[in-house]
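Participant: sequence first, then the predicted structure, then my questions.
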Amino acid sequence: GAVVSQHPSWVICKSGTSVKIECRSLDFQATTMFWYRQFPKQSLMLMATSNEGSKATYEQGVEKDKFLINHASLTLSTLTVTSAHPEDSSFYICSARAGQPNYGYTFGSGTRLTVV
Amino acid sequence: GEDVEQSLFLSVREGDSSVINCTYTDSSSTYLYWYKQEPGAGLQLLTYIFSNMDMKQDQRLTVLLNKKDKHLSLRIADTQTGDSAIYFCAEPGTGTYKYIFGTGTRLKVLA
């Protein structure tokens, strides 16, 4: 079945540094990928829609200069958290759709970001 | 606006049935989905139901859809400790590929 690989699974970084998270579709091509953020014991919040070969579409309230998204190929989207601060600590999950709409979306395993 | 609501917690004993409920607002959704999230992991698609169906059964899982009341439920038969997780219902946002997720129901299975 469709597999989305997300890397790293966890990362700890210092305040002010940048962190890049990768999302790869392993056995299918994904023109569109989605980036979510999940706070503890809360639901998923869509941050942005990543479009291959064009600019990402950000949800209201999400800073595009803070969360840089690059979707340079049909199998890879990256999310870079720039100048990270402790409040950026969260669980970030990507997803992509493989096949027909009823197949739903395939999710990556998530990245736990801790900013110290 | 679009909204999907779920109860936050459910606790059942091993071997009993679990029923997780969800209400949604967008009646034009073609498909409705149930996802499972284990601790520290991404979401796994459990099952989905097409909007013209009332019920769908898949092994231990039964999905019921009441379109009139915009109510979706997931029944897990013979609940096991491995079923302990957070369960999200989701519907596609109107006219987009985006998902609208419910708040998630944390299922705890007691041995």
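Facilitator: It's in.

Participant: helices and strands of chain A: which one bottoms out on pLDDT?
Facilitator: Lowest by mean pLDDT, DSSP states H and E among the helices and strands of chain A is strand A:105-107, with a mean of 89.

Participant: tell me what that one is packed against?
Facilitator: strand A:90-97, strand B:43-50 (3 or more Cβ pairs under 8 Å, 6 or more residues apart in numbering or on different chains; DSSP states H and E). Backbone N, C-alpha and C define where each C-beta goes, glycine included.

Participant: which one of those strands lies nearest to A:Ser18?
Facilitator: strand A:90-97 (13.8 Å; Cβ to Cβ).

Participant: do the closest one and chain B meet at all?
Facilitator: Yes: counting by Cβ under 8 Å from any Cβ of the partner chain, chain B is contacted by strand A:90-97 at A:Phe91, A:Ile93, A:Ser95, A:Arg97.

Participant: lowest pLDDT pick from those residues?
Facilitator: Among the residues of strand A:90-97 next to chain B, A:Arg97 carries the weakest pLDDT, at 80.

Participant: rewinding a little: strand partners of the least confident helix or strand of chain A, parallel vs antiparallel please.
Facilitator: strand A:90-97 (antiparallel) (DSSP bridges).

Participant: so what touches the partner strand?
Facilitator: A:2, A:4, A:6, A:21, A:23, A:25, A:28, A:30, A:32-40, A:44, A:47, A:50, A:77, A:79, A:103-108, A:110-113, B:40, B:42-43, B:97 (Cβ atoms under 8 Å, 6 or more residues apart in numbering or on different chains).

Participant: give me the element the nearest residue to A:Thr57 once chain neighbours are set aside is part of.
Facilitator: Spatially, and ignoring its direct neighbours in sequence, A:Thr57 is nearest to A:Thr49 (4.4 Å; Cβ to Cβ, 6 or more residues apart in numbering or on different chains). Here A:Thr49 sits within strand A:44-51, counting by DSSP states H and E.

Participant: how far off centre is whichever helix or strand comes after that strand?
Facilitator: As assigned by DSSP H and E, the chain's next helix or strand after strand A:44-51 is strand A:57-58. Here the centre of strand A:57-58 is set off from its chain's centre by 12 Å, with Cα atoms, centre = their mean, to the nearest Å.

Participant: in chain A, what spans have low per-residue confidence?
Facilitator: In the predicted model, chain A carries pLDDT under 70 at residues A:99-103.

Participant: just want the residue of it that's nearest chain B.
Facilitator: Nearest residue of chain A to chain B, counting by Cβ to the nearest Cβ: A:Phe107, 3.9 Å away.

Participant: spit out the contact partners of that residue.
Facilitator: Counted by Cβ under 8 Å, 6+ apart, A:Phe107 has contacts A:Val4, A:Ile93, A:Cys94, A:Ser95, B:Tyr35, B:Gly42, B:Leu43, B:Gln44.

Participant: any chance of the residues you listed in JSON lines with neighbour count and distance to B:Met53 as columns?
Facilitator: Compiled in JSON lines, the contacts of A:Phe107 are given as follows (neighbours: other Cβ atoms under 10 Å in any protein chain shown; distance: Cβ to Cβ, whole Å):
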{"residue": "A:Val4", "neighbour count": "26", "distance to B:Met53": "27"}
{"residue": "A:Ile93", "neighbour count": "25", "distance to B:Met53": "28"}
{"residue": "A:Cys94", "neighbour count": "31", "distance to B:Met53": "30"}
{"residue": "A:Ser95", "neighbour count": "24", "distance to B:Met53": "24"}
{"residue": "B:Tyr35", "neighbour count": "25", "distance to B:Met53": "18"}
{"residue": "B:Gly42", "neighbour count": "23", "distance to B:Met53": "27"}
{"residue": "B:Leu43", "neighbour count": "30", "distance to B:Met53": "22"}
{"residue": "B:Gln44", "neighbour count": "15", "distance to B:Met53": "21"}
